[in-house]
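Enquirer: Below are the sequence and a predicted model; questions follow.
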Amino acid sequence: MSNIPYTTASSDFLKNIMPTVDERGELIDFTATDFATLRRALFEYIQAVYTNDYQNFAESDFGVMFSELVAYMGSIMSYKADMLAHESFIKTAKDRNNVKKLLELIGIRMRGPAGGAGSARATTTDALTGEYYTINPEDRVINVASPMDGGPVNYTLYTVVDGQLEAPATDGSITLLSGTSEGQAGLIWNNLALVEGALAEDSGTFTQIQTLKEVRLSEGPVIENSIQVIVEGTNASGVYNEVESLFSASSGDHKIFSVIYDEDYNATVVFGDGSNGAAPPTNANYYIYYRVGGGERGNAPNSYINTTVTEAGGSVSFVLENMTAITGGSDAESVGKAKEYGPLAFKSQDRLVSLEDYKTFVNRFVGPAGATGKATVSTRKSFASANMIDVYVLEKANNTQLTKTSVAYKTALLQAMNEKKMLTDELVVVDGLIRAIDLSMTIFVDKSYRRREIELLQKSSDAVKSYFNVDNRDFGERVYLDDINRNVFNSVQEVKISTIDNLDQNIQLNYNEIIQLNNLVINVTYV
């Protein structure tokens with residue numbers, strides 16, 4: 001370097017200016033969060049600060065490996081920090097347990113699994129000599145194979161009075177009081193219902209000296225709205241009714257209780273303290289009956305159950321069958337639905353004023369047999385009827401299908417709304433309209449996946465059904481064909497493209513209509 005013409009330079013042309021320790025902080029790229037960006041930022045920092053110490057950026061060098069390990073750890077820590085930040089807010093939280101805990105901070109709980117229900121009939125040809133016949137608790141539970149997956153599923157027999165499931169006796173039995181003669185066929189009892197879930201019982205005596213008494217139920221998961229509580233031996237004896245919150249009690253003599261669920265939907269029954277609901281005194285006996293199970297797998301078609309039950313004395317046998325389809329069974333409330341309606345329920349403050357309040361209340365309402373629904377509301381357009389509120393509602397048959405509401409559901413819903421509505425509001429509960437569609441699709445996949453055809457068809461079917469899931473749809477919501485294809489493309493990585501063959505334009509719905517998938521056919525084309 002000393003023989004360079006026209007110069008007396010004795011070093012190479014690179015002029016090294018080493019940053020001081022205080023200046024090195026300015027070279028840090030604080031925007032780097034992912035692995036590739038962190039790796040590049042580390043290399044640039046080394047090149048700027050340790051110019052004379054390290055120049056070998058070959059992939060096989062130990063220094064490069066060490067830098068990539070640091071970038072790997074940095075990306076993991078960045079992801080964790082982002083996740084913790086997102087999981088701290090309702091709108092961005094994705095983890096089910098985190099959403100559940102955030103809602104509990106404002107007094108809102110996520111709904112547990114619901115059990116299907118259907119009307120039932122008991123028939124006997126035996127000679128009858130008594131006026132009533134008792135069915136013991138163990139004989140009330142019917143075990144059959146699930147029509148969905150073939151696994152065992154339980155149903156519990158109830159008597160029905162005025163459209164409501166009648167509370168059993170303190171020993172868990174039910175009584176058939178009378179029948180209707182039908183020629184030579186014997187006697188028939190039609191006032192019965194079969195509700196999904198195995199019957200469980202917890203009983204005991206309140207021994208706590210605390211004012212606020214609670215009972216942890218021994219079995220789970222507990223089906224939503226299935227808990228029946230009977231207290232005996234005190235001035236607060238009788239049947240207790242479940243409420244969303246004890247703070248909704250208007251006096252200290254209301255016989256009510258609330259339920260607290262854990263992550264696995266095991267339940268704790270909490271009673272009032274004498275100010276917010278009646279407080280059962282110490283030494284009072286309690287009997288708690290509830291059902292365990294729930295979910296979509298408990299739904300069954302008409303006449304699926306046909307079995308024999310025997311009354312307590314053993315002298316009379318009844319043929320028991322479900323006379324209607326058992327519907328309404330659904331999985332626990334989805335994260336999306338909880339995030340949508342939970343904050344709105346808190347906002348309503350346990351009263352119904354705006355249309356948003358009514359819609360939120362109905363969409364979170366649980367019917368007398370545990371059924372849930374889907375609803376929208378509107379006011380009349382005429383000036384003279386501006387306080388008339390139409391509630392369009394459908395019961396949830398399963399995760400992807402809705403059905404018309406039963407009289408018992410409508411009656412219970414109207415009664416519950418009347419207790420919280422504005423005095424001048426007039427409510428009309430009517431059935432919403434179901435608009436069913438058939439869908440024919442073609443998915444295009446690489447021919448190397450031919451052996452996985454059944455798996456790919458199932459995954460594609462699940463993606464389409466997810467789009468039409470009841471919790472993901474709303475009344476009046478337009479159906480975009482591109483969104484259906486996008487759901488398949490994003491969910492099934494092996495699918496290159498998908499097309500809808502029998503529809504060529506988006507589907508527009510009226511405000512009181514909701515879309516429902518009827519038949520789905522998926523074809524496979526290999527490319």
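Expert: Yep, it's here. Numbering: from 1, shown residues only.

Enquirer: list the buried ones in the host helix or strand of residue 100?
Expert: Taking DSSP states H and E as the criterion, residue 100 maps to helix 96-104. By 16 or more other CB atoms under 10 Å, the buried positions in helix 96-104 come out as 98-100, 102-103. (C-beta placed from N, C-alpha, C; glycine too.)

Enquirer: next one: stretch 446-461
Expert: 456, 459-461.

Enquirer: In the buried residues of helix 96-104, find the pair that's most separated.
Expert: Greatest spacing in the buried residues of helix 96-104, by CB to CB: 98 and 103 (9.8 Å).

Enquirer: tally of neighbours for the residue nearest to residue 367 when sequence neighbours are not counted?
Expert: Nearest non-adjacent residue to residue 367, counting by CB to CB, 6 or more residues apart in numbering: residue 409, 4.3 Å away. By other CB atoms under 10 Å, the residues close to residue 409 number 24.

Enquirer: From residue 403, how far off is residue 409?
Expert: 10 Å (CB to CB, to the nearest Å).

Enquirer: residues in contact with stretch 354-366?
Expert: 111, 114, 224-225, 337, 341, 344-345, 347-348, 351-352, 372-379, 389, 391, 393, 413, 416-417, 420-421 (CB atoms under 8 Å, 6 or more residues apart in numbering).

Enquirer: same thing but 6 Å
Expert: Stretch 354-366 is contacted by residues 224-225, 341, 344-345, 348, 352, 372, 375, 377, 393, 413 when judged by CB atoms under 6 Å, 6 or more residues apart in numbering.

Enquirer: And for stretch 376-396?
Expert: Contacts to stretch 376-396, defined as CB under 6 Å, 6+ apart, come from residues 330, 355, 358-359, 362, 371-375, 402-403, 405, 409, 424-430, 432, 470, 475, 512.

Enquirer: let's see it at 7 Å
Expert: By CB atoms under 7 Å, 6 or more residues apart in numbering, the residues outside stretch 376-396 that reach it are 328, 330, 355, 358-359, 362, 371-375, 402-406, 409, 413, 424-432, 434, 470, 475-476, 511-512, 514.

Enquirer: For residue 339, grab the count of nearby residues.
Expert: Neighbours around residue 339, by other CB under 10 Å: 18.

Enquirer: Which of the helices or strands spans the nearest residue to it once chain neighbours are set aside?
Expert: In this structure, residue 339 finds its nearest non-sequential neighbour in residue 90, 5.7 Å apart by CB to CB, 6+ apart. Taking DSSP H and E as the definition, one finds residue 90 inside no helix or strand.

Enquirer: Longest helix of this protein, counting residues only.
Expert: Using DSSP state H, we find that the single longest helix of the chain is helix 62-86.

Enquirer: could you say what helices and strands that helix packs with?
Expert: helix 35-49 (3 or more CB pairs under 7 Å, 6 or more residues apart in numbering; DSSP states H and E).

Enquirer: which of the residues in the helix it packs on are buried?
Expert: Buried-residue list, helix 35-49, by 16+ other CB under 10 Å: 35, 37-39, 41-43, 46.

Enquirer: That helix relative to helix 62-86, how many degrees between them?
Expert: 130 degrees (axes from the mean of the first three to the mean of the last three CA atoms, to 10 degrees).

Enquirer: Show residues contacting helix 35-49.
Expert: Here helix 35-49 has contacts from 19, 24, 27-29, 32, 54, 57, 67-68, 70-72, 74-75, using CB under 7 Å, 6+ apart.

Enquirer: ok, 6 Å please
Expert: So helix 35-49 is in contact with 24, 27, 29, 32, 54, 67-68, 71, 74-75, going by CB under 6 Å, 6+ apart.

Enquirer: Save those as CSV, and put in neighbour count and pLDDT too.
Expert: Converted to CSV, these look like this (neighbours: other CB atoms under 10 Å; pLDDT from 0 to 100):
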residue, neighbour count, pLDDT
24, 13, 80
27, 13, 81
29, 13, 82
32, 19, 84
54, 15, 81
67, 21, 89
68, 16, 89
71, 21, 90
74, 19, 89
75, 18, 90
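
Enquirer: Which strand or helix spans the residue nearest to residue 367?
Expert: Residue-wise, residue 409 maps onto helix 407-418 under DSSP H and E.

Enquirer: I'd like to know which elements whichever helix or strand comes after that helix is packed against.
Expert: Counting by DSSP H and E, the element after helix 407-418 in chain order, helix or strand, is strand 426-431. With contacts defined as 3 or more CB pairs under 6 Å, 6 or more residues apart in numbering; DSSP states H and E, strand 426-431 has these neighbours: strand 388-396, helix 407-418.

Enquirer: Out of those, which one sits most buried?
Expert: By mean neighbour count, with neighbours taken as mean count of other CB atoms under 10 Å, strand 388-396 ranks first of these at a mean of 21.

Enquirer: mind giving me the domain ranges of this protein?
Expert: 21-86, 117-197+295-322, 200-292, 350-431, 434-526 (automatic domain parsing).

Enquirer: wait, doesn't residue 408 sit right on residue 161?
Expert: No - between residue 408 and residue 161 there is no contact under CB atoms under 6 Å: 10.5 Å.

Enquirer: Give me the three-state assignment for the residue sitting nearest the centre point of the chain.
Expert: Nearest to the mean C-alpha position of the chain, by CA atoms, centre = their mean, lies residue 333 at 1.3 Å. Three-state assignment for residue 333 (DSSP: H, G, I helix; E, B strand; the rest coil): coil.

Enquirer: Same question for residue 258.
Expert: Secondary structure, three-state DSSP: residue 258 is strand.

Enquirer: quick one: low-confidence parts of the stretch 251-400 of the chain?
Expert: For the stretch 251-400 of the chain, residues meeting the criterion pLDDT under 70 lie at 383-385.

Enquirer: how about the helices of it, start to end?
Expert: 335-348, 355-364 (DSSP state H, counting those that start in this stretch).

Enquirer: And the stretch 401-527 of the chain, by the same measure?
Expert: 407-418, 453-467, 481-491.

Enquirer: Among the helices of the stretch 251-400 of the chain, show me which one is buried the most.
Expert: Most buried among the helices of the stretch 251-400 of the chain, given mean count of other CB under 10 Å as the contact rule, is helix 355-364, at a mean of 21.

Enquirer: how deep is the nearest residue to residue 303 once chain neighbours are set aside tucked in, by neighbour count?
Expert: Closest residue to residue 303 in three dimensions, ignoring its sequence neighbours and counting by CB to CB, 6+ apart: residue 321, at 5.8 Å. When neighbours are defined as other CB under 10 Å, residue 321 has 17 of them.

Enquirer: what's the spacing between residue 82 and residue 393?
Expert: The gap separating residue 82 from residue 393 is 40 Å, by CB to CB.

Enquirer: Could you do residue 93 as well?
Expert: 29 Å.

Enquirer: for residue 490, same thing?
Expert: 32 Å.

Enquirer: now do residue 120
Expert: From residue 120 to residue 393 the distance is 24 Å (CB to CB).

Enquirer: Now do residue 182, the pLDDT please.
Expert: Note on residue 182: pLDDT of 52.

Enquirer: Equivalent analysis for residue 64, please.
Expert: 87.

Enquirer: Tell me how many other residues crowd it.
Expert: 18.
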